[in-house]
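Trainee: Could you work out the structure for the sequence below:
(2 chains)
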Amino acid sequence: MTTQLRHIPMAREDRPQYFDDPAVDRLLQMLLELAAELWAVKDWQFVVNRLLEQRGVLTLEDVQRYQPTEDDQKLLAVEREKFVHRFIKHISPTMEPLKYE
Amino acid sequence: MPSVTLPETPLPQTERAITEFLKALKASERTDRMPVVREEYRQLAESWSERHGHAPRTLDEIDDVMRSSVAYKFDRALARFSQELMYARVHELLQPRRSELEAFLDAPVEHPLGSLRLNPSIPIPTYYEADYHVQPGGMHREPLIGFVTAVTNKVYFGGTNDSEEQQRLSAAACPDGPWERILDLGCGCKSAYYYKLRWPDAEVHGIDLSAPLLKYAHKRAEAMGLAIHFSQQNCEQTDFPDNHFDLISSCILFHEIPDEAAWNTVQEAFRLLKPGGWFVINDAPPYRALDPFGAYFSDWQTGNNVEPYWGEAGRRNYPEWFQNAGFRNVSDPFIRGEVKGPTRIFPWTTMGQKP
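Mentor: Residues are numbered from 1 along each chain as shown, chains lettered A, B, ... in the order given. Predicted coordinates:
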């Protein structure tokens, strides 16, 4: 077994490139981000559906008919901005990290 | 008052779901991805062997084969990126509670069973500045590292260390005792408890370079009702007197330190042990215990998971080191004849007795 003379990173920013084209690395990061969010949504839906069923307070039709209020829309906008940023930040390693409230 | 063992408090719904997703992704390395990568390697290695007149043996040769494996690239890129995503989400979760959690860690415990001795002026060796495991702030620059570790432990090991099996097994691997005084080297915030649980009457000490890890460990020990004495010290040179301990053990410390520091630590353990006392290293298996492909996979950690000393540690021969330091009755799974072929064994235990 040979001892390879090679660069060994000490810092997390010093990240290796996995694909010949760095664009593929970034695409995979975006995909992973989406996959994680998608799972979180599916999991959330499962929990909400369970609660709705158990308490018998809502039907699926109620959900379909609901129109977000102005306040709802503000909250959703904040969450949406965070979500888009998580996804988009992989375009460039120099992009600012997510701002915490 | 926040709980010390954060994972035991329910995570918010979304974070729970995402950590469970990442845990499943991590587990898929073993169950789904590894067999595919191995098969792709087998096929690529065949044509490589035809071209070179022999099968790939060295890490460089295997690397030459793996460079053409698309499955391997995806598998490893996912391993790295999921690790980064995990830390990003955990930090995002802890950020709003930062001041509250830091104040909690800094507050003294009333009527403690054990103790905490910090040394703010301790020199931190350069090697310890690594962002180990891609953790933001590494082991000692993130004040909330204990809380981070508590969440990520379950994700990082893909479900194989949910109950700190590595730490439990490391204590279980030690000679039976009973022991009067025990030292856990590089105790972090997970391992010292298991020595105290196995030998409740022993005086148990844990040392580490990281003040944040020690603060968390102390809080956790007290919450568990365990009298453990933590102090911030460098394992290479401690302030304990000669011939002081009956058992000195370490759990996954040695692959985090370079050769020179590791050798100094073996010698320091020898100094600290009473005659007849035992020194035990529990760590990842050496490359010689793995088949070439397994060694190649293990070596990936070095350059890709901020494990700068993993490769050095994988090539160490601890039984030889133990002999050179003066230990006798040295044993590891090879010497005990427990290695029957290519396998993955954790913890890999090397032990020796001070004459």
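Trainee: What is the least confident helix or strand in chain A?
Mentor: Of all helical and strand segments in chain A, the minimum by mean pLDDT, DSSP states H and E falls on helix A:60-65, at a mean of 80.
Trainee: Which parts of the next helix or strand after that one count as buried, going by neighbours?
Mentor: Once the chain leaves helix A:60-65, the next helix or strand it forms, by DSSP states H and E, is helix A:70-88. Neighbour counts using 16 or more other CB atoms under 10 Å in any protein chain shown place A:86-87 of helix A:70-88 among the buried residues. Backbone N, C-alpha and C define where each C-beta goes, glycine included.
Trainee: cool, and stretch B:30-50?
Mentor: B:33, B:37, B:40-41, B:44-45, B:48.
Trainee: ok, back up a step: so how far is the least confident helix or strand of chain A off the chain centroid?
Mentor: Using CA atoms, centre = their mean, to the nearest Å, the distance from the centre of helix A:60-65 to the centre of the chain it belongs to is 26 Å.
Trainee: now swap in stretch A:24-33 and tell me
Mentor: Worked out by CA atoms, centre = their mean, stretch A:24-33 lies 11 Å from the chain centre.
Trainee: in it, what's buried?
Mentor: Here stretch A:24-33 shows A:25-26, A:28-30, A:32-33 as buried, counting by 16+ other CB under 10 Å.
Trainee: and these as TSV, adding distance to chain B and secondary structure?
Mentor: What follows is the buried residues of stretch A:24-33, written out as TSV (distance: CB to the nearest CB, whole Å; DSSP: H, G, I helix; E, B strand; the rest coil):
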residue	distance to chain B	secondary structure
A:25	6	helix
A:26	10	helix
A:28	5	helix
A:29	5	helix
A:30	10	helix
A:32	5	helix
A:33	7	helix
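Trainee: In these, find the pair that's most separated.
Mentor: For the buried residues of stretch A:24-33, the farthest-apart pair by CB to CB is A:25 and A:33; their separation is 13.0 Å.
Trainee: residues near the residue in the stretch 101-250 of chain B positioned nearest to chain A, how many?
Mentor: Of all residues in the stretch 101-250 of chain B, the one sitting closest to chain A is residue B:131 (4.0 Å; CB to the nearest CB). Residue B:131 has 21 neighbours, counted by other CB atoms under 10 Å in any protein chain shown.
Trainee: And the pLDDT at the residue lying closest to it once chain neighbours are set aside?
Mentor: The shortest distance from residue B:131 to any non-neighbouring residue, by CB to CB, 6 or more residues apart in numbering or on different chains, is to residue A:12 (4.0 Å). Looking at residue A:12, its pLDDT reads 90.
Trainee: likewise the one 4 residues further on?
Mentor: In this prediction, residue A:16 carries a pLDDT score of 91.
Trainee: what number of residues lie near residue B:216?
Mentor: Neighbour tally, residue B:216, other CB under 10 Å: 29.
Trainee: which ones are touching residue B:268?
Mentor: Residues in contact with residue B:268 (CB atoms under 8 Å, 6 or more residues apart in numbering or on different chains) are B:235-238.
Trainee: contacts with chain A among those, please.
Mentor: Subset of the contacts of residue B:268 in contact with chain A: empty, counting by CB under 8 Å from any CB of the partner chain.
Trainee: Compile those into CSV and extend it with columns for pLDDT.
Mentor: Putting these into CSV (pLDDT from 0 to 100) gives the following:
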residue, pLDDT
B:235, 98
B:236, 98
B:237, 97
B:238, 98
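Trainee: which among the residues you listed end up buried?
Mentor: Buried, going by 16+ other CB under 10 Å: B:235-236, B:238, out of those.
Trainee: ok, those vs residue B:255, which is closest?
Mentor: residue B:235 (13.3 Å).
Trainee: residues contacting that closest one?
Mentor: B:185-186, B:207, B:209, B:250, B:253, B:257, B:261, B:264-265, B:268.
Trainee: Which ones among those residues map onto strands?
Mentor: Among the contacts of residue B:235, the ones falling in strands (DSSP state E) are B:185, B:207, B:250.
Trainee: Let me know the pLDDT of the residue of the stretch 151-300 of chain B found nearest chain A.
Mentor: The minimum distance from the stretch 151-300 of chain B to chain A, using CB to the nearest CB, falls at residue B:287 (6.1 Å). Note for residue B:287: predicted pLDDT of 93.
Trainee: Looks like it contacts residue B:312 (just checking).
Mentor: No. Under the criterion of CB atoms under 8 Å, residue B:287 is not in contact with residue B:312, lying 10.7 Å apart.
Trainee: any idea how far residue B:89 is from residue B:14?
Mentor: 9 Å (CB to CB, to the nearest Å).
Trainee: Enumerate the residues of the stretch 51-200 of chain B near chain A.
Mentor: Proximity of the stretch 51-200 of chain B to chain A, by CB under 8 Å from any CB, involves residues B:57-60, B:73-74, B:76-78, B:80-82, B:84-85, B:88-89, B:92, B:95-96, B:129-131, B:134-136.
Trainee: show me where pLDDT drops low in the chain?
Mentor: I'll assume chain A. Applying pLDDT under 70 to chain A picks out residues A:1-5, A:96-101.
Trainee: Sorry, I should have been clearer: chain B.
Mentor: B:1-10, B:339-345.
Trainee: Let me see the ranges of the strands in it.
Mentor: So, for chain B - with DSSP E - the strands run B:115-117, B:181-185, B:203-208, B:228-232, B:245-251, B:273-283, B:328-331, B:348-353.
Trainee: Save those as a markdown table, and put in mean neighbour count too.
Mentor: Shown next, in a markdown table, are these (neighbours: other CB atoms under 10 Å in any protein chain shown):
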| stretch | mean neighbour count |
| --- | --- |
| strand B:115-117 | 17 |
| strand B:181-185 | 26 |
| strand B:203-208 | 24 |
| strand B:228-232 | 22 |
| strand B:245-251 | 25 |
| strand B:273-283 | 21 |
| strand B:328-331 | 14 |
| strand B:348-353 | 23 |
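Trainee: As TSV, these with distance to residue A:90 would be great.
Mentor: Shown next, in TSV, are the strands of chain B (distance: least, CB to CB, whole Å):
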stretch	distance to residue A:90
strand B:115-117	41
strand B:181-185	39
strand B:203-208	34
strand B:228-232	38
strand B:245-251	35
strand B:273-283	34
strand B:328-331	49
strand B:348-353	37
